Each structure stands twice: as structure tokens, then as C-alpha cells.
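Asker: sequence and predicted structure, then a few things I'm wondering about:
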Amino acid sequence: MTAAVCPDCAAEVDVADKYCEACGRELGIRRVALPRNDLPSTVCAGCGAAGYDADRYCVRCGELNRAPDRFEADLGAVCVLTDRGIAHARNEDAVAAAVLDGDVPGRPAALVIVVSDGVSTSENPQAASGAAARAGVDAAVGALARERSADVAVMAGLEAAAQAVRATSTHEMYSPSCTYVSAVVLDRGVAGVEIAVANVGDSRAYWLRTETPPTAHHDGNPPSQRLTVDDSWAQALVDAGAMDEESAMNDQRAHTLLRWLGADGGSQPWSDNCVRTLRTTGPGILLLCTDGLWNYQSDAASLASMATGAVPLSAARELAEFALRSGGSDNITVALAPVRP
């Protein structure tokens, strides 16, 4: 994991540490990474035998102990969910998040989220997405501990994720690959909230504005919008003026990636404008997701109507259920972070 430093004594600490060993300060970092790969052995669903071997096959009948179709977690400041979907035999997505607690209870000082989608045409794409999500969060947390800005921290996470995915390659013809989208959210007090996002591939980040009563004015609250630009064939057609977005997405090559993380993705797989920032003084929801969701609904305003009317975990579940009802043709991963300056 990436090294960080204690904000009190500057001693080096691990990003997973709860306390500084040098001065005893409570570091206040809560973390999660999904899907989990440490599932306990249970009774075999096929034959009822108690126990699986080290490779998760039943000791009696040999049936594989499959991972649950859905994993979810709620850290308060962010909830994350990943679902296998209907068509895929396994979940090749991954999501990780970290909440850095602030001085005010219930109001985090910073938040880091990473969502990654394994490229199914590569070998073991789940290895790439898992490595990217974990490394990206670790590095961004480390940068924030060194009092770096949101855009610097989100870029540090991307660079570490790219390196971690390249490290999964063991030989020239083996290159697990994935997409990547991340966000760093910083509470700037009276100045509002600063959000920096970075992406490679076609996993997306959205700002979903929460509608306020007519008497409440938030001129500093941007409208609902997509914060990332896809690295895809469809986006290239739109950028070139050859097609509008709806027509481009109907092209059979629409989801062909132009950039991705992997040993075959180049030493700098991201674009020059892969990092973008947004500031808000009004409430909203930050959504990060894979194309397992936005394939079925990509409009920011429509997503806002679906995600801002319920508590975040319930909203995340509803978004996943919506994708399943719409076909579930891909893995579905959603991260929702309520922003209340």
C-alpha cells in the first residue's frame, strides 16, 4: 500500500492504520473495497457437505463456491454497490472508497472513490479492476495526507492504479486490463465542496444536483451533468462532429475503447484532459458508475431524478435494479456520495 504521513507528527503511517504508532493520533480513515475475495467457507449448496477446499470447490461434490451476485457497503459519506448482472458469469468490476473523517462528526474532511470495469476481452480482467481500485484509493489517500489538492490527489491515484494494473502482467501476451474513474471530494468550509474526477476508458462520473425548495437559492450549485469524457469510439465520433451522441452510441463500435489501463495500454494511458474539477455550494449527489448502469440511462437529469429522492444506499440499490430490469447485460457498479456543503 502507498505510504502516508501523520498530520500531527509527520511520521510515516500505512493508509490502513487507524492510529499513528509514533504519536498515537487517531487517523480517522474508513475504507472498503469490493467485491471481497475473502469469502468464508460455507455449507455446499449442491450436496450439503460442510466445507470447501482452498480453491473454493466442494470437498464432496466439487461444486464451485461462487461469490454472491451482489456486494454493497455504506460508509455514511458514500455507499458502494457492485452486482454481477444477468449475462456475465462473473463480476469483473471493482469499487473502493475511503472516508477521511473531519473535526465535525458526520462531516468528512475528504472522500476518495474509485470505480473500475474489467475489459472482458483481456485475460483475468477482474485482477486488473481490483488492483486499480485498491491502488487508486491508497495513493489518493496518501496524497491527501500530505495536504495535496484534490486534483493532485486524484491524479496520484490514477498514476498508481496504472502502475498496479501493469504489475498484474506476468508476460508479454498476458495483460489484464480495465477502465478507471475516480473522484476526490474535499470540504472547503464556507467555500463549498471541491470535487476532482479522473478517468480512463468509459466508466463515468456524474454530478446530480439536489433540487431545493423555491426559497433556497444555490447560485453556486451547478446543474446535473456528466463530469467525465469517454475514451471510446462513440465519443471520438461525437468529438469529430461525425455523429450526435445518440447516433454514435448506436454504432456497433460504440464501446470500443481508445484508452484503458493495462500493460498494453501504454506508459501514459490517460488523455491530457483526464482530470476535471467542480465546485459547489449547494447540495447534490456524486455518482460514479460503470457502463452496466449508464448503458440504460446516460442522461444526468434523469439519473438525478432516480438517485436524489432516497437515502443513498436505497438509491444505489434502485439504480442497480433498474439496470437489471433493463437487461443486466453487463456488470453493474454504483458509488453514491451525498454532498451537503
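Answerer: Sure thing, it's come through.
Asker: specify the beta-bridge partners of the spatially closest residue to residue 44 that is not a sequence neighbour.
Answerer: Once flanking residues are discounted, residue 44 sits nearest to residue 58: 4.1 Å by Cβ to Cβ, 6 or more residues apart in numbering. Glycine gets a C-beta too; all of them are placed from N, C-alpha and C. Beta bridges link residue 58 to residue 52, judged by DSSP bridges.
Asker: contacting residues for residue 58?
Answerer: Contact analysis of residue 58 by Cβ atoms under 8 Å, 6 or more residues apart in numbering lists 44, 46, 47, 49, 51, 52, 64, 65.
Asker: quick one, which of those are buried?
Answerer: 44, 52, 65 (16 or more other Cβ atoms under 10 Å).
Asker: which members of the contacts of residue 58 are positioned in strands?
Answerer: In strands, judged by DSSP state E, none of these are found.
Asker: quick one: which of these is nearest residue 189?
Answerer: The closest of these to residue 189 turns out to be residue 65 (Cβ to Cβ; 48.5 Å).
Asker: quick check on the closest one: phi, psi?
Answerer: phi -80, psi 90 (degrees, to the nearest 10).
Asker: do the same with the one 5 residues further on
Answerer: Main-chain torsions, residue 70, degrees, to the nearest 10: phi -140, psi 140.
Asker: and it, what are its bridge partners?
Answerer: residue 83.
Asker: isn't it right next to residue 82, touching?
Answerer: Yes - the pair residue 70 / residue 82 is scored as a contact, 7.1 Å apart, by Cβ atoms under 8 Å.
Asker: more neighbours: which of these two?
Answerer: Neighbours were counted for residue 70 and for residue 82 using other Cβ atoms under 10 Å; residue 82 has more, 29 against 17.
Asker: quick one: the helices in the stretch 151-300 of the chain?
Answerer: 233-239, 245-249, 291-294, 300-307 (DSSP state H, counting those that start in this stretch).
Asker: tell me what angle the helix or strand following the longest one forms with helix 300-307.
Answerer: Right, the one you point to is helix 300-307. Downstream of helix 300-307, the first helix or strand assigned by DSSP states H and E is helix 312-325. Compare the direction of helix 312-325 with that of helix 300-307 by axes from the mean of the first three to the mean of the last three Cα atoms, to 10 degrees and you get 120 degrees.
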